[in-house]
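Trainee: Make a model of this:
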Amino acid sequence: MFRVEVTRGSVVESTHEVRACAVDVSGVLVGEGSPGDADWHMFMRSAAKPFQAAPAASAGVIDTLGLDDRHLAVACASHDGSAAPVQLVREILDAAGLDEFAVRAGDDGQGGLIKHQCSGNHALALAYCVVMGWPTDSYLDRDHPVQQTMQAAVALAVDADPHLEADNCGMTAHRVPLRNIATAYARLGVGWAGLPGLDAVAAAMRANPYVIRQAGQADAELMAADPSLVAKHGAEGAIGIGSSAGLGVVVRVVDGAPRAWGAAGVAAARRWLVPDLAGAALDRLEPAVVLDGAHRPIGELRAVWSD
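Mentor: Numbering: from 1, shown residues only. Presented below is the predicted three-dimensional model:
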C-alpha cells in the first residue's frame, strides 16, 4: 500500500491513500502502489495538457506565429497567474490577432481570463484555430475541430477511448485507468513518434520547468532536478511523470488532497524512475516539514510504502 502520512510530533494524525503505477511505452506494468492500482480509473485533468498541445505543435502553430518553446510550455502549464506566464499567454494571443477576452476559461480565483491557470492551454487552442481557419468563438464546443483534434491526440497517447466530461475551465476532462495515463507519460518521456508534435512538447517542458509550474511545485522541481524527467500535475491530487528511459508513472491521491500529491510524486519517481533522485527542493517536498503558525517544525508530511 502507498500512502502519505501527516504527523504531529511522533503521532500520525492524518493519512492519504495513494493509487500509483509505473509502465513502459507499451503499457507493460513495472510496478503498482497496491495490487489493482493500474486498473483504477481517474480523470487526467490538467495532466492531459501536454497531449492536447501536441497537434498544434505538429501543425507548426508555434513557428507560423513566430513563437518559441516558452509559449509551447505555457500551453502545458497550470500557472499561478503571475506576470511572467501571463505575458507568454498574451504573446500567443497577440500573435494570433486575438485579445484576452477570447479566452473563455472563467475565473479560478486568480483574476480570470488570461490569469486563469489554464489560460495557456486555451490560448494555444485559439491560436491553432486561427492558423487552421476555424472559428474561435465556439472553440470549447465538444464538436469543434480543435476539440476533436485534441481529444483524438489524448486518446492516441493513452491508447484508449476516454470517458469525457467537462473540466472546470471548459476544456475536456478525460477519464481512463492509471495504466493508460502512465503509458502516455512514458511516451511523453521519449517524445513518442506515434503522436506527432509530442517530441516538441517534451523538449519545451524540459527546457522550461518553471513555466510549467512555479518553484516549489513537484512537477517543476522534478524536471529541474533531472533533465531525463518530464512531469505535469493534474487537479485532485494527480501527477504524471515520464522518463527518457521509456518509463511512465502516474500518481493519484484518492481523496484529492493537494497537500499530498507532491510528496507522493517525488516518492514514486524515486521508486520507479530515478532511485538516487536528489535536490534540496525535492527534499523539501518529501518529506515535507509541517510548521505551526510561528513557523516552528511540529511534524512532517511523508510518503510511506507498505510492501
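
Trainee: where exactly do the helices run in the stretch 1-150 of the chain?
Mentor: Remark: helices of the stretch 1-150 of the chain, listed N- to C-terminal, are 49-58, 61-64, 69-75, 83-95, 119-132, 145-158; assignment by DSSP state H, counting those that start in this stretch.

Trainee: so the first one versus helix 145-158, what angle?
Mentor: Which is helix 49-58. Here helix 49-58 runs at an angle of 120 degrees relative to helix 145-158 (axes from the mean of the first three to the mean of the last three Cα atoms, to 10 degrees).

Trainee: for this structure, what spans make up the strands?
Mentor: Using DSSP state E, the strands of the chain run over 2-8, 11-24, 29-32, 41-43, 163-166, 172-177, 229-234, 238-243, 247-253, 288-291, 297-305.

Trainee: Single out the most deeply packed of these.
Mentor: strand 247-253 (a mean of 30; mean count of other Cβ atoms under 10 Å). Any C-beta I mention is one placed from the backbone N, CA and C, and that applies to glycine too.

Trainee: Neighbouring strands of that strand in the sheet, and parallel or not?
Mentor: Using DSSP bridges, strand 247-253 pairs in its sheet with strand 11-24 (antiparallel), strand 238-243 (antiparallel).

Trainee: right, so of the ones you listed, which gets closest to I114?
Mentor: Closest to I114 of these is strand 238-243 (Cβ to Cβ; 24.5 Å).

Trainee: Alpha carbons of that closest one, as CSV, please.
Mentor: The C-alpha atoms that make up strand 238-243 are tabulated as CSV, following Å, rounded to 0.1, in the frame of the first residue of the first chain:
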residue,chain,number,x,y,z
ALA,A,238,-2.6,13.8,-9.5
ILE,A,239,0.8,13.9,-11.3
GLY,A,240,2.1,12.1,-14.4
ILE,A,241,5.9,11.6,-14.8
GLY,A,242,7.8,10.3,-17.8
SER,A,243,11.4,9.5,-18.3
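
Trainee: and that strand with strand 229-234, angle?
Mentor: Relative orientation of strand 238-243 with respect to strand 229-234: 170 degrees, computed using the same axes, to 10 degrees.

Trainee: The strands paired with strand 247-253: which one's closest to N121?
Mentor: If you check each of the strands paired with strand 247-253 against N121 by Cβ to Cβ, strand 238-243 wins as the nearest, at 15.2 Å.

Trainee: OK, contacts around the spatially most central residue of the chain?
Mentor: Against the mean C-alpha coordinate of the chain, by Cα atoms, centre = their mean, the closest residue is K232 at 2.4 Å. Going by Cβ atoms under 8 Å, 6 or more residues apart in numbering, K232 touches 46-47, 49-50, 76, 78, 205, 212, 219, 239-240.

Trainee: tell me which of those residues is nearest to H163?
Mentor: For the contacts of K232, the nearest to H163 is A47 (15.3 Å; Cβ to Cβ).

Trainee: Which residue or residues pair with the residue lying closest to the closest one once chain neighbours are set aside through a beta bridge?
Mentor: Counting by Cβ to Cβ, 6 or more residues apart in numbering, G234 is the residue found nearest to A47 once chain neighbours are left out, at 3.5 Å. Beta bridges link G234 to A238 when assigned by DSSP bridges.

Trainee: measure G234 to A218 for me?
Mentor: When distances are taken as Cβ to Cβ, to the nearest Å, G234 and A218 turn out to be 12 Å apart.

Trainee: Using the centroid of this structure, identify the residue furthest from it.
Mentor: Residue distances from the centre of the chain (Cα atoms, centre = their mean) peak at S10, which lies 33.6 Å from the mean C-alpha position.

Trainee: could I get the strands of the chain as CSV with mean pLDDT?
Mentor: CSV is the format used below for those (pLDDT from 0 to 100):
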stretch, mean pLDDT
strand 2-8, 98
strand 11-24, 98
strand 29-32, 97
strand 41-43, 98
strand 163-166, 97
strand 172-177, 98
strand 229-234, 98
strand 238-243, 98
strand 247-253, 98
strand 288-291, 95
strand 297-305, 97
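
Trainee: That's all I had, so thanks and see you.
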